[in-house]
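> Any chance you could fold what I've pasted below:
(2 chains)
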Amino acid sequence: MIGAAGTTEGRGHSSGPVHGLLIGAALLFLGVFLVAPLLVVFVEAFRKGIGVYLQAVSDPIALAAVQLTLTVAFLVVPINLIFGLAAAWLIARFEFRGRGVLLSLLDLPFSVSPVISGMIFVLLFGAHGYLGHWVTRHDLKIIFALPGIVLATLFVTSPLVARELIPLLESQGTDEEEAALTLGARGWQTFLWVSLPKIRWGLLYGVILCNARAMGEFGAVSVVSGHIRGLTNTIPLHVEILYNEYQIAAAFAVASLLTMLAIGTLVAKSLVEWKAGRRLV
Amino acid sequence: MAEKRKRGTRVLPGFGLSMGVTLTYMGLVILIPLATILLRSATLSWSELWEALSAPRTLAAYRLSLTVALIAALINAVFGLLVAWVLERYTFPGRRLVDGLIDLPFALPTAVAGIVLTTFYAPNGWAGRLLEPLGIKVAYTPLGIAIALIFVGMPFVVRTVQPILRGLEPQIEGAAASLGAGPFETFVRVIFPEVLPALLTGTTLAFARGLGEYGSVIFIAGNMPLKTEITPLLIMIQLEQYNYAGAAAIALGFLVVSFSLLLAVNALSAWSARPRARA
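Numbers count the residues shown, from 1 in each chain, chains lettered A, B, ... in the order given. Okay, the predicted model is just below:
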């Protein structure tokens, strides 16, 4: 995982009561705050037996939520992949006026509350929104429908791919691209055959992160969805409804699907780090 | 345009295309939607805006969100530094597994974190059952909100501090020790100043995330107006009542705080990057 020899040197002088105490304190903190909650999901999900679990995850309304979540991710991830590639290429490869501002604006969605991220699309397309008349006149449905959920999810996940690629591109330099161009390759050939292979692992991880966030987004989607059962409920919203109806075992059963997605994302990160031979942060 | 592209020695392709795609997308999906907050708030007169912002319920929500997010961020600063230190400096069985788990709060959907923490800390839950006899109520109190925010903010501190600790050269500590500094003194006077900028950045990121957090909080918060109602929930309630202008005004006041923080983070990371030449 860590390539440099120096890091392993720095480690290893660990012995004695202070070190044990520090390790113990850190593990206790992580155990209480991370591991125990993770166990809660699966214990609660199977508390009423495997029958209730299977029933909860195969319920038609749950399946509709799964289908909607997959549809949203299927639409959002490719769009943000293209945007992330373009933004990272622009910011990491060129010097231009306003580059710093652009970099800050790129991060905006991270510093905005998910509720506000959803609200802005209600202000735009909602019944009393700025484009509300236009939307009803053309018989479109944006808020409380799929397009609104997709827009809110696009907003929330937009920095993820670019954020993963920018440090990677900046650390790589451009010698190989320049060599390819000097040898007569066209711009798009250089990008496709020289640049893209060099960033493929970072790109893959950015896509995995974007997908996890798109499938798990709650606050922003909650504002624009309208919570119409079987129609505009994503998996996280379905979990909320079940929980609020005191169907605790069913809520945790559906939540366990999202937890497995999260664990899968963490495993994928480790694999990508191992493949790429470097740390991703 | 050509003479501005100094980086990449101006032969690299795709400047126009990537600029076009980036600006179009950011304009349509990020900037124009965000501008609606300003536009909608501007439909209020000054007195109406002041009324929306100074309503007791708004002020209580602001105060709660700011204090709890700050407390959670400070707790994360202490334990995040400890966790980063232990992960970078010591070997113990399962270290890599623990290191991988740090990102769990990033990867776990917030709604799942919310119901899990509520169940865990409810009076009849695993931890709640132990704390209840001690007179400590967690679920449905500000303490519960703090716990949810510690959960979602923790990776920001650990992941910001870790690379700095990894980059510190062991020779410096060796030199401090050979000059007669004890381990504690070495940490306080040699290591901590190096780590401090990253620690500040990570803590600010955790604080900013905590301010806006919704999913993991609303289940455990209890959501009592004036007592345990966080600002994002108040905005949500205004929207559900079709009070768009009120929601936009509350959001605007809240964003002014968040964006000041973002600027602070950028200044901090610039400062922390300055002494070390590499990125």
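
> Could you name the specific helix or strand carrying residue 268?
Defaulting to chain A. According to DSSP states H and E, residue A:268 maps onto helix A:248-276.

> wrong one, chain B
Applying DSSP H and E, one finds residue B:268 within helix B:244-273.

> cool, and residue B:139?
Short version, using DSSP H and E: residue B:139 is in no helix or strand.

> what's around it, how many residues?
24 (other C-beta atoms under 10 Å in any protein chain shown). All C-beta spots, glycine's among them, are computed from the backbone N, C-alpha and C.

> So it versus residue B:145, what's the distance?
Counting by C-beta to C-beta, to the nearest Å, the gap from residue B:139 to residue B:145 is 10 Å.

> intersection of neighbour lists for those two?
residue B:220 (C-beta atoms under 8 Å, 6 or more residues apart in numbering or on different chains).

> any weak-confidence spans in chain A?
The model of chain A has pLDDT under 70 over residues A:1-15, A:278-281.

> per-domain residue ranges of it.
Using automatic domain parsing, the domain ranges for chain A come out as A:1-45, A:47-276.

> So which of the ones you listed is the most surrounded?
When the domains of chain A are scored by mean count of other C-beta atoms under 10 Å in any protein chain shown, the highest mean neighbour count falls to domain A:47-276 (a mean of 20).

> Please name the nearest non-neighbouring residue to residue B:151.
Counting by C-beta to C-beta, 6 or more residues apart in numbering or on different chains, residue B:105 is the residue found nearest to residue B:151 once chain neighbours are left out, at 5.4 Å.

> out of all of them, which helix in chain A is the longest?
helix A:60-93 (DSSP state H).

> where's the residue nearest to residue B:151, which helix or strand?
Counting by DSSP H and E, residue B:105 is found in helix B:104-107.

> For that helix, name the packing helices and strands.
helix A:200-216, helix A:248-276, helix B:142-167 (3 or more C-beta pairs under 8 Å, 6 or more residues apart in numbering or on different chains; DSSP states H and E).

> quick one, what contacts the residue of the stretch 151-279 of chain B found nearest chain A?
As assessed by C-beta to the nearest C-beta, chain A sits closest to residue B:212 within the stretch 151-279 of chain B, at 3.0 Å. By C-beta under 8 Å, 6+ apart, the contact list for residue B:212 reads A:111-116, B:232, B:258.

> Now with 10 Å, please.
Applying C-beta atoms under 10 Å, 6 or more residues apart in numbering or on different chains to residue B:212 gives the contacts A:110-117, A:219, B:65, B:69, B:230-232, B:254-255, B:258.

> again, but for residue B:127
A:32, A:36-37, A:40, B:117, B:119-121, B:136, B:138-139, B:147.

> could those residues be laid out in JSON lines, adding secondary structure and distance to residue B:50?
Formatted as JSON lines, the contacts of residue B:127 follow (DSSP: H, G, I helix; E, B strand; the rest coil; distance: C-beta to C-beta, whole Å):
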{"residue": "A:32", "secondary structure": "helix", "distance to residue B:50": "44"}
{"residue": "A:36", "secondary structure": "helix", "distance to residue B:50": "45"}
{"residue": "A:37", "secondary structure": "helix", "distance to residue B:50": "42"}
{"residue": "A:40", "secondary structure": "helix", "distance to residue B:50": "44"}
{"residue": "B:117", "secondary structure": "helix", "distance to residue B:50": "36"}
{"residue": "B:119", "secondary structure": "helix", "distance to residue B:50": "41"}
{"residue": "B:120", "secondary structure": "helix", "distance to residue B:50": "41"}
{"residue": "B:121", "secondary structure": "helix", "distance to residue B:50": "38"}
{"residue": "B:136", "secondary structure": "coil", "distance to residue B:50": "39"}
{"residue": "B:138", "secondary structure": "coil", "distance to residue B:50": "36"}
{"residue": "B:139", "secondary structure": "coil", "distance to residue B:50": "35"}
{"residue": "B:147", "secondary structure": "helix", "distance to residue B:50": "34"}
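
> Tell me which two in those residues are the farthest apart.
A:40 and B:136 (18.7 Å; C-beta to C-beta).

> shouldn't residue B:195 be in contact with residue B:84?
Yes - counting by C-beta atoms under 10 Å, a contact exists between residue B:195 and residue B:84, whose distance comes to 8.4 Å.

> So between those two, which is more surrounded?
residue B:84 (27 against 21).

> What segments of the stretch 1-150 of chain B are strands?
Remark: no strands are assigned in the stretch 1-150 of chain B by DSSP state E, counting those that start in this stretch.

> So which residues of it form helices?
Ranges of helices in the stretch 1-150 of chain B, per DSSP state H, counting those that start in this stretch, are B:15-25, B:32-42, B:46-54, B:56-89, B:95-101, B:104-107, B:110-121, B:128-131, B:142-167.

> quick one on the thing from earlier: let me have the contacts of residue B:127 in JSON lines, extended by distance to residue A:98.
What follows is those, written out as JSON lines (distance: C-beta to C-beta, whole Å):
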{"residue": "A:32", "distance to residue A:98": "46"}
{"residue": "A:36", "distance to residue A:98": "47"}
{"residue": "A:37", "distance to residue A:98": "43"}
{"residue": "A:40", "distance to residue A:98": "47"}
{"residue": "B:117", "distance to residue A:98": "42"}
{"residue": "B:119", "distance to residue A:98": "48"}
{"residue": "B:120", "distance to residue A:98": "47"}
{"residue": "B:121", "distance to residue A:98": "47"}
{"residue": "B:136", "distance to residue A:98": "51"}
{"residue": "B:138", "distance to residue A:98": "47"}
{"residue": "B:139", "distance to residue A:98": "47"}
{"residue": "B:147", "distance to residue A:98": "41"}
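
> What is the nearest of those residues to residue B:223?
Using C-beta to C-beta, these come closest to residue B:223 at residue B:139, 11.8 Å.

> one step back: what would the domains of chain A look like in a markdown table with distance to chain B?
Converted to a markdown table, the domains of chain A look like this (distance: least, C-beta to the nearest C-beta, whole Å):
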| stretch | distance to chain B |
| --- | --- |
| domain A:1-45 | 4 |
| domain A:47-276 | 3 |
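
> Kindly reformat these as JSON lines containing distance to residue B:129.
Shown next, in JSON lines, are the domains of chain A (distance: least, C-beta to C-beta, whole Å):
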{"stretch": "domain A:1-45", "distance to residue B:129": "13"}
{"stretch": "domain A:47-276", "distance to residue B:129": "15"}
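
> so which of the ones you listed comes closest to residue B:33?
domain A:47-276 (4.0 Å).

> quick one: terminal-to-terminal distance for that closest one?
End-to-end distance of domain A:47-276 (C-alpha to C-alpha, to the nearest Å): 40 Å.

> Could you find the closest non-adjacent residue to the residue of the stretch 51-200 of chain B found nearest chain A?
Using C-beta to the nearest C-beta, the single residue of the stretch 51-200 of chain B nearest to chain A is residue B:109, 2.9 Å away. In space, and not counting its chain neighbours, residue B:109 is closest to residue A:216: 2.9 Å by C-beta to C-beta, 6+ apart.

> What residues does that neighbour make contact with?
Contact partners of residue A:216, counting by C-beta under 10 Å, 6+ apart, are A:69, A:73, A:234-236, A:258-259, A:261-262, A:265, B:107-113, B:215.

> what about 6 Å?
Going by C-beta atoms under 6 Å, 6 or more residues apart in numbering or on different chains, residue A:216 touches A:236, A:258, B:109.

> now swap in residue B:199 and tell me
B:81, B:161.

> quick one: which helix or strand includes it?
helix B:192-212.

> Centre-most residue in the chain?
Because you didn't say which chain, this covers chain A. Geometric centre of chain A, nearest residue: residue A:213, 2.7 Å, by C-alpha atoms, centre = their mean.

> hm, I was asking about chain B
residue B:206 (2.3 Å).
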